[in-house]
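Asker: this one's structure only:
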């Protein structure tokens with residue numbers, strides 16, 4: 001008897017951080033923050049430094065948000 005695949009509910013879709021996207025994606029995202037000022041200005045209110053899994057990236061994003 002085959003087991004039924006787990007269903008996706010709203011709780012399964014919640015993510016606490018960006019770890020599921022990988023460190024390379026997180027690094028590229030921070031790079032875009034530096035390169036595209038308008039992009040960062042548009043999303044800075046929803047970006048939380050604690051979303052990043054690397055301590056270095058958290059510090060960089062925190063500094064960027066404080067300076068903004």
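Answerer: Great, that's in hand. All of these numbers come straight from a predicted model, not from anything done at the bench. Numbers count the residues shown, from 1 in each chain.
Asker: what residues are up against the residue nearest to the spatial centre of the chain?
Answerer: In the chain, the centroid-proximal residue (Cα atoms, centre = their mean) is residue 18; its distance is 4.0 Å. With contact set as Cβ atoms under 8 Å, 6 or more residues apart in numbering, residue 18 has these partners: 25-26, 29, 51-53. For glycine as for every other residue, the C-beta is placed from the backbone atoms N, C-alpha and C.
Asker: can you tell me which of the residues you listed is nearest residue 39?
Answerer: Set against residue 39, the nearest of those by Cβ to Cβ is residue 29 (9.8 Å).
Asker: contact partners for the closest one?
Answerer: Contacts for residue 29 (Cβ under 8 Å, 6+ apart) come out as residue 18.
Asker: next structured bit after the strand or helix carrying it?
Answerer: Using DSSP states H and E, residue 29 maps to helix 23-35. Later in the chain than helix 23-35, the nearest helix or strand by DSSP H and E is helix 37-43.
Asker: average model confidence for that following helix?
Answerer: Averaging pLDDT along helix 37-43 gives 93.
Asker: quick one: name whatever helix or strand follows it.
Answerer: That would be, after helix 37-43 and using DSSP H and E, helix 55-67.
Asker: so which bits of stretch 58-65 are buried?
Answerer: By 16 or more other Cβ atoms under 10 Å, the buried positions in stretch 58-65 come out as 58, 60-61, 64.
Asker: the residues you listed into JSON lines, with extra columns for pLDDT and distance to residue 35?
Answerer: Output for those, formatted as JSON lines (pLDDT from 0 to 100; distance: Cβ to Cβ, whole Å):
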{"residue": "58", "pLDDT": "96", "distance to residue 35": "19"}
{"residue": "60", "pLDDT": "95", "distance to residue 35": "13"}
{"residue": "61", "pLDDT": "95", "distance to residue 35": "14"}
{"residue": "64", "pLDDT": "92", "distance to residue 35": "12"}
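Asker: low pLDDT regions in this protein?
Answerer: Applying pLDDT under 70 to the chain flags the ranges 1-14.
Asker: coming back round to it: list the buried ones in the helix holding residue 29?
Answerer: Residues of helix 23-35 classed as buried: 26, 29-30, 33 (neighbour count, 16+ other Cβ under 10 Å).
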